[in-house]
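[1] give me coordinates for this.
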Amino acid sequence: MSPPRNIMDDTGELDIWRPQGIPPHLAAVYPPTQAHTTSCFVQICSLAEILHVVLVTMYNPVEQSSHAEVLACAASQGRKLTDWFDHLPSHLRIRVSEMPQHCPPSHIVTLNCLYHSIRILLHRPILTSFNRNVDMEGAEKATHLRQCLESATAVLSIYDLFVRSFGDGHVVLSQAYTIYTAASIFLLQVQATKDLHSSAMDHLKFCIDALERIKYTSPVIRAPLALIYKQLETLDPTFASLQRKTVAHMPVPNAFHETQAGDDYPYVSYASSWLDSHDLHFGEMDLSNAQLDPEIFSSLPNLEPVSANVNADIWHQGV
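    Purely as a prediction, here's the structure:
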């Protein structure tokens, strides 16, 4: 029996949270916000239990699970993940269909991004390598793909809000990993359709742009970026080379600038080629009745998603 998840010292729950590291005159206008640190910690511990089972069962580099074990894990942990989100307190939940005017505290942002990343990691194997020898109806495949797409888009929506509020320089590694995980879904879409001018490609470019900027504060992101570029080169070497040159000329994030959003609330962001010049219409995607190209489902089982390990290349080299 698990011990009760009660933390007696709840001062972290009641403290007022304010953003740190941004100009004082901007931090001063951030509305007083209850930190909810304690409840966030409790919820992230519950989420970690689900993530542990998913990684051990579906992404174990030492011992590969059987198809039956993977499907059973997807079913059982999928129910737990849904139950976790359904019971998540409203003060910790970010609904991308009802995006708040002010970005919540960073630990709450991380909590929600990790939920969506785990949702992707849970359903992605069913669409790719583990699906090769599994007889599955098209409707069931579509369900797994839709959940991946919904969460991948939600991650970008939350990231967009965070960066416009606090800047790229405050994105922590766990948040960067969620961008990488979302990118894996858009990359799979592009690989399956071979359409370099699709909305999936636009979203993938957004992810690449974000990771290119985050790598200055989280250098470990360089490894997964290289994996994405490597996959793009197999589709179109010229296109991948052009994309590299484009991001190479991006300005290094070194200054804030202000833009107006909402009711005279000054958001803070770094100049970013995609954040500032593209509107990808982020929001909660309702894909329950959306028509998905059947060719995607015939192509996905033959594709290998980029690694769930951001240091995959380093481990393979034995470094």
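[2] grab the nearest non-local neighbour of Arg93.
    Asn112 (7.1 Å; C-beta to C-beta, 6 or more residues apart in numbering). (Glycine included, C-beta is placed from N, CA and C.)
[3] what does Gln147 give?
    His123 (5.0 Å).
[4] doesn't the one you found belong to a strand?
    No: read with DSSP: H, G, I helix; E, B strand; the rest coil, His123 is helix and lies in no strand.
[5] quick one on the thing from earlier: any idea how many residues pack against the residue nearest to Arg93?
    Residues contacting Asn112 under the criterion other C-beta atoms under 10 Å number 21.
[6] that one reaches Ile94, doesn't it?
    Yes: counting by C-beta atoms under 8 Å, Asn112 does reach Ile94; the two are 4.4 Å apart.
[7] between those two, what contacts are shared?
    Common contacts of Asn112 and Ile94, defined by C-beta atoms under 8 Å, 6 or more residues apart in numbering, comprise Ile158.
[8] and the strands in this structure, which stretches?
    16-17, 33-34, 257-261, 265-269 (DSSP state E).
[9] so what's the nearest residue to Thr38 once chain neighbours are set aside up against?
    Distances taken as C-beta to C-beta, 6+ apart place Glu13 nearest to Thr38, at 4.0 Å, with adjacent residues excluded. Residues near Glu13 by C-beta under 8 Å, 6+ apart: 34-39.
[10] and those residues, which are buried?
    Among the contacts of Glu13, those classed as buried by 16 or more other C-beta atoms under 10 Å are 35-39.
[11] number of residues surrounding Val109?
    There are 23 residues near Val109, going by other C-beta under 10 Å.
[12] could we number from 49 for the rest of this?
    Renumbered: residue one is now 49, and that last one reads Val157.
[13] just checking, it touches Arg141?
    No: the criterion here is C-beta under 8 Å, and Val157 misses it with Arg141 at 11.5 Å.
[14] helices along the protein, start to end?
    Along the chain, counting by DSSP state H, helices occupy 59-62, 72-75, 85-106, 115-134, 154-175, 186-214, 221-241, 247-262, 270-283, 285-296, 321-325, 342-347, 360-364.
[15] low-confidence regions, the stretch 99-248 of the chain specifically.
    177-187 (pLDDT under 70).
[16] right, I'll leave it there.
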